[in-house]
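Visitor: starting from these lines, generate the structure:
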Amino acid sequence: MSTDLDEIFAALTHQADGVPLGPPVAARRRGDQIRRTRFAVTAVTVVVCLAFAGTSFAWRNHHTAPAAPTWSLAEVGSPRPFGVRVTYASTAVSTKAVFTAWRGLDGVVGVSAADLHTGAATWLRKSLGTFDRLTGVVALPAAVLVNVRGERGSTMYVLDPATGRERWHVPYAAADDLVYYNDLVVIQSAVTGETRALAWSDGTTRWTLPAAADRAQRTLGMHVRSDEMSLTFTDRTLIQITRSGKVEYRDAGTGTLRGTAAAVVPAGTPVAYEGIVFVPGTGFTPGTTQIVRTEPADPQPRPIYESLPNHHIDAIAPCGDRLCLTVTPPDRSAVLTTIGPGFGSTDWQTPATPDATLVRTLGDRILVTGPAESILYTTDGRKITAAAHMSWIDKDSLLALPGPEGGEIVRISALTGARQVLGTMAPADNACAWTTDRLACPDETALRIFSLA
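Guide: Residues are numbered from 1 along each chain as shown. Model prediction:
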């Protein structure tokens, strides 16, 4: 994904493709806050009623608070202890493995891997180093990424998924742009303007572009529909947008310039999708934001949307054969707007959850998430269902987890919105990760894996 590292790691493996707009740094911080709310402390809470028996005397003199919810799902193997009590733990999953990073009370960060289906330990690194903060862990096809923050700033550690061996690490600044591919990562420095590509396998530099006079302001990858559930890009087109608004199309493997087109000076975070680059910029009417599209076959920018005055665009994201926008009017209500098919003009609009910065489409369903609610729509704007929080399991179903107080775990049909309670989970402060049949959740002392089958 093309974004700063803190945002990626906060989102973990369920990072959405919605990108917050507005001033780049503020938008990143706001998006990071929303994502942390989404994955660590969701807005849903379990309402607990005090139970009492029989008489008013019994209420005044003897009442018992109900016990906190406990795990009722079938556990896979035994809990895998960290060996220490932790301040924070983060988990990511691949198809076969679960990777967990934790930070102990002494600041030491450890990392482990286990077989997702049996629970058997695969490898353990008791110490990656001592850091002020652990941001998270991400599982990619070619590497496991652990993000930490210390006295000198933030660092990404790249580990071998099979052994846990550290391959290399790289420091970064919060405003840097990164684009993930299966074999390499492209990093554009917000400080120096330099762009370089590093191989996941050994950290070698594949290519470097020094900062030009009209230096790159944003660097991003090209989304395609087949990337809907992926953290890496399969299309090898790398997009750079300069401070003057020029769009450069490059080969991600070599850095070679393939072509250029005109756009506008970015006033937010652009999105590239199915060969087209969508750039938000200052509108023609005071207080508005416009979105223009550009592509090599039509190199002149073409406006496709302009907001009403003082309407804030919270996110733009690919939505199947459309482009989705979440917009907040001055009254703090919210609207989901789509551009397309054909990405030429507004298609439909419908009420949305306020402050929604996460938009994720899978198949013919659109999931929009804000701080307090997720809403599932069809691609023609019909609302299917809503919950305090939902995330995709696969194209047919979604998972709704409770907040930190614990409660019901619910599978939701993407087709009908029908709900199936799978069980309950105990109170937890750390975020879980999941696949179609497994749920991995770290607590203060261990990782536990449960069956969703």
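Visitor: so where is this protein shaky, pLDDT-wise?
Guide: By pLDDT under 70, the weakly predicted segments of the chain are 1-67.
Visitor: can you pull out the helices in it?
Guide: In the chain, the segments counted as helices under DSSP state H are 5-11, 24-39, 56-61.
Visitor: roughly how far does the closest residue to Pro442 other than its chain neighbours sit from Pro341?
Guide: Distances taken as C-beta to C-beta, 6 or more residues apart in numbering place Ala89 nearest to Pro442, at 3.6 Å, with adjacent residues excluded. C-betas here are computed from N, CA, C, even on glycine. Applying C-beta to C-beta, to the nearest Å, the value for Ala89 to Pro341 is 43 Å.
Visitor: likewise for Leu231?
Guide: 26 Å.
Visitor: go on, Val271?
Guide: From Val271 to Pro341 the distance is 16 Å (C-beta to C-beta).
Visitor: higher neighbour count, these two?
Guide: Val271 (26 against 12; other C-beta atoms under 10 Å).
Visitor: who's in contact with that one?
Guide: For Val271, the contacting residues are Val19, Leu220, His223, Val277, Phe278, Ile316, Ala317, Pro318, Leu323, by C-beta atoms under 8 Å, 6 or more residues apart in numbering.
Visitor: could you redo the last one with a cut-off of 10 Å?
Guide: By C-beta atoms under 10 Å, 6 or more residues apart in numbering, the contact set of Val271 is 2, 17-19, 220-223, 239, 277-280, 291, 315-318, 323-324.
Visitor: so who does the residue lying closest to Thr256 once chain neighbours are set aside touch?
Guide: In space, and not counting its chain neighbours, Thr256 is closest to Arg250: 6.3 Å by C-beta to C-beta, 6+ apart. Residues near Arg250 by C-beta under 10 Å, 6+ apart: 186, 195, 197, 207, 209, 216, 219, 236-240, 256-260.
Visitor: of those residues, just the buried ones, ChimeraX syntax please.
Guide: Here is the ChimeraX command that selects the buried residues among those (16 or more other C-beta atoms under 10 Å):
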select :186,195,197,207,209,216,219,237,238,239,240
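Visitor: Val224 contacts Phe233, correct?
Guide: Yes - counting by C-beta atoms under 10 Å, Phe233 is a contact partner of Val224 at 8.1 Å.
Visitor: between those two, which one's more packed in?
Guide: Using other C-beta under 10 Å as the criterion, Val224 and Phe233 rank with Phe233 on top: 23 against 17.
Visitor: let me see the contact set for that one.
Guide: Contacts of Phe233 by C-beta under 10 Å, 6+ apart are 1-2, 179-182, 186, 220-224, 227, 252, 272.
Visitor: identify the bridge partners of it.
Guide: Beta-bridge pairing of Phe233, defined through DSSP bridges, involves Tyr181.
Visitor: measure Leu257 to Asp396 for me?
Guide: Distance from Leu257 to Asp396, by C-beta to C-beta: 42 Å.
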